[in-house]
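Engineer: Dropping the sequence and predicted coords here.
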Amino acid sequence: MVAINIGIGLVGFGLFFLLFGVLLYFDSVLLAFGNMLFLTGLTFIIGFRRTAYFFFQRQKLKGSFFFLGGVSLVLCRWPIVGMLVESYGFILLFRSFFPTVVGFVLSVVNIPFLNAFSQSNASVV
C-alpha cells in the first residue's frame, strides 16, 4: 500500500515537471526529470513485472518503441523532437484507455453539453 502511495506521488511530480518543462520552452532537464519520475512512479504503482509486460506486449511494441525512444531523445537533449515522438508513442500505448477515462470524467463532471455529445456518439459507434 505504501508503494502505491509513493508511486502516485512520483507520477504526480513527474507530470508536474513535464508540464513545467514544456511551459519553460522545452527545458530538457525538467522534461528528462519528469519522464524518469513518471516511469518510476508507474513501476511503483503496478510493479516491475507488470510494467515490463505492459510495454513489451506484441501489439504495443510500436507504441513502446516510440514512447521510450522519445524519452531517450529527451535525455539526449533533443526535447522538442523527443516530446513529439513520445506523445505519439503515448497515444499508441494508451489509446485503449481513452474511452474509459472519458467515460469516468463525464460521470464525475456532469456537463450537459458534453453528456449529450458523448451519448450521441455512443449510439453511432
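Structural biologist: Nice, thanks for sending it over. Residues are numbered from 1 along each chain as shown.
Engineer: Nearest residue to the middle of the chain?
Structural biologist: Central residue of the chain (Cα atoms, centre = their mean): residue 90, 5.7 Å from the mean position.
Engineer: Leaving out sequence neighbours, find the closest residue to that one.
Structural biologist: residue 67 (5.7 Å; Cβ to Cβ, 6 or more residues apart in numbering). The way it works is simple: take the backbone N, C-alpha and C, and place the C-beta from them, glycine included.
Engineer: Just the pLDDT at the one you found, thanks.
Structural biologist: We have a pLDDT of 95 for residue 67.
Engineer: The one 4 residues further on now?
Structural biologist: The pLDDT attached to residue 71 in the predicted structure is 94.
Engineer: List the residues that contact it.
Structural biologist: Residue 71 sits next to 35, 39, 82, 86 when contact means Cβ atoms under 8 Å, 6 or more residues apart in numbering.
Engineer: hmm, try it at 7 Å
Structural biologist: Residues counted as contacts of residue 71 (Cβ atoms under 7 Å, 6 or more residues apart in numbering) are 35, 86.
Engineer: Name the helix or strand for it, please.
Structural biologist: Element membership for residue 71, per DSSP states H and E: helix 61-75.
Engineer: and that helix, how far out from the chain's middle?
Structural biologist: 12 Å (Cα atoms, centre = their mean, to the nearest Å).
Engineer: Assign the residue nearest to the centre of the chain to helix, strand or coil.
Structural biologist: Under DSSP: H, G, I helix; E, B strand; the rest coil, the three-state class of residue 90 is helix.
Engineer: so it touches residue 66, yeah?
Structural biologist: No - look at residue 90 against residue 66 with Cβ atoms under 7 Å: they stay out of range, at 8.3 Å.
Engineer: where do the contact lists of those two overlap?
Structural biologist: Counting by Cβ under 7 Å, 6+ apart, nothing touches both residue 90 and residue 66.
Engineer: show me what contacts the closest residue to residue 17 other than its chain neighbours?
Structural biologist: Computed as Cβ to Cβ, 6+ apart, the closest residue to residue 17 that is not its neighbour in sequence is residue 34, at 3.3 Å. By Cβ under 7 Å, 6+ apart, the contact set of residue 34 is 14-15, 17-18, 21.
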